[in-house]
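Student: please work out how this folds:
(one chain, ligands or ions: 1)
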Amino acid sequence: MSTRLVVVHPDPTVLAEAAAARLLTRILDVQSVRSPVHVVLTGGTVGIKTLAAVAGSPLRAAVDWSVVHLWWGDERFLPAGDADRNETQARDALLEDLVASSGLPAGNIHAVPARGDGPGEAATAEDAATAYAAELAGYAAGDATTPSFDVLLLGMGPDGHVASLFPEHPALGAAGAVVPVHDSPKPPPDRVSLTFATIGHAREVWVVAAGSEKAAQAAAALADGPVTQVPAVRAVGHDRTLWLLDAAAAAGRD
Ligand SMILES: O=C(O)C(O)[C@@H](O)[C@H](O)[C@H](O)COP(=O)(O)O
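Tutor: As a prediction, the model looks like this:
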């Protein structure tokens, strides 16, 4: 297992700014040795706040966005453009701006198919998961089923879920690269998520979490609690795992 490093910032705003600076630096570092760069985005408050901080950072101009590919750890299975889709929120916070003014090719944004019957849409979460797995496989090397993500960002819920992998949920043990999720305790009930096998294939996994409501489960995950109770314990990257917390979320640790 890779080393788990915990970094604590004073409040959610500093956390998001620091995570954005780290993300941009990581992309730059990777670009100096290989290309393309694969980054997995997360939904959730801190995840989107981090993307907004990237949008406002002067460092974004140092990145060659033409070779950066963006993916999602999970998606809420909703119609295209729905304000609750993680894709919509990421596009609004950063991605449309990167396409318009920083050279990010629109085709490098690999969103999970939306619910619908139009081109590129899916009728069911199962269909969306299958299509997303095929899209990931198209960028995989050798025998792998997904790219070796350079950074995979994950938010964590107060119940300890990451992506759409919830406590006691059958999707926790799913095989394959991508899993359809139903009966999610966090709305909406239908979702699509990367599996833990895929998450573990990332070179680096960064869990970003803020707020006192996350403190107990952050402490439980960092103390290696059971995955059925605290799924975030399985948020482990191949090379490195970072926990980026604000002081309130870090307060439950010994
Ligand atoms: O689609 C989602 O809801 C997620 O991707 C989810 O895993 C999220 O990242 C966490 O629930 C943390 O969300 P908050 O930061 O808003 O608590």
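Student: how about the residues of the protein near the ligand?
Tutor: Within the chain, the residues that sit near the ligand (Cβ under 6 Å from any ligand atom) are 42-47, 74, 76, 86, 155-157, 161-163, 186. (Each C-beta comes from the backbone N, C-alpha and C, glycine too.)
Student: which stretches of the protein form strands?
Tutor: Taking DSSP state E to define them, one finds strands in the chain at 3-9, 37-41, 68-72, 74-76, 151-155, 178-181, 191-194, 204-209, 240-246.
Student: contact partners of the first one?
Tutor: Right, strand 3-9. Here strand 3-9 makes contact (Cβ atoms under 8 Å, 6 or more residues apart in numbering) with 15, 18, 222, 236, 240-247, 250, 253.
Student: wait, doesn't Ala197 sit right on Ala177?
Tutor: Yes: when contacts are counted by Cβ atoms under 8 Å, Ala197 is listed as touching Ala177 (7.0 Å).
Student: quick check: buried residues in stretch 222-240?
Tutor: Using 16 or more other Cβ atoms under 10 Å as the test for burial, stretch 222-240 gives 222, 225, 227, 230-238, 240.
Student: now do the end-to-end distance for stretch 120-129.
Tutor: Distance across stretch 120-129, first residue to last, is 12 Å (Cα to Cα, to the nearest Å).
Student: Leu23 touches Ala55, doesn't it?
Tutor: No: with contacts counted by Cβ under 8 Å, Leu23 stays clear of Ala55, the gap being 11.7 Å.
Student: neighbour count for those two, which is higher?
Tutor: Leu23 (26 against 17; other Cβ atoms under 10 Å).
Student: and the more buried one, how far is that from the ligand?
Tutor: 15 Å (Cβ to the nearest ligand atom, to the nearest Å).
Student: and if you look at Ser57?
Tutor: Taking Cβ to the nearest ligand atom, one finds Ser57 at 20 Å from the ligand.
Student: neighbours of the residue lying closest to that residue once chain neighbours are set aside, how many?
Tutor: Sequence neighbours aside, Ala20 is the residue nearest to Ser57 in space, at 5.7 Å (criterion: Cβ to Cβ, 6 or more residues apart in numbering). Counted with other Cβ under 10 Å, the neighbours of Ala20 add up to 22.
Student: quick one on the thing from earlier: are any of the residues of the chain next to the ligand buried, and if so which?
Tutor: 42-44, 46-47, 74, 76, 86, 155-157, 161-163.
Student: re earlier: return the member of the residues of the chain next to the ligand nearest to Ala131.
Tutor: Nearest to Ala131, judged by Cβ to Cβ, of the residues of the chain next to the ligand is Asp74 at 14.8 Å.
Student: any chance of the buried residues of stretch 222-240 in CSV, plus distance to Tyr139 and pLDDT?
Tutor: Supplementary listing: those in CSV, determined by distance: Cβ to Cβ, whole Å; pLDDT from 0 to 100:
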residue, distance to Tyr139, pLDDT
Leu222, 32, 97
Gly225, 33, 97
Val227, 28, 97
Val230, 31, 98
Pro231, 25, 98
Ala232, 26, 98
Val233, 28, 98
Arg234, 23, 98
Ala235, 22, 98
Val236, 22, 97
Gly237, 18, 97
His238, 17, 96
Arg240, 21, 97
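Student: redo these as CSV? Include distance to Leu136.
Tutor: Shown next, in CSV, are those (distance: Cβ to Cβ, whole Å):
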residue, distance to Leu136
Leu222, 29
Gly225, 29
Val227, 23
Val230, 26
Pro231, 21
Ala232, 22
Val233, 24
Arg234, 19
Ala235, 18
Val236, 19
Gly237, 17
His238, 16
Arg240, 21
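Student: out of those residues, which sit inside helices?
Tutor: Judged by DSSP state H, the subset of those located in helices is Leu222.
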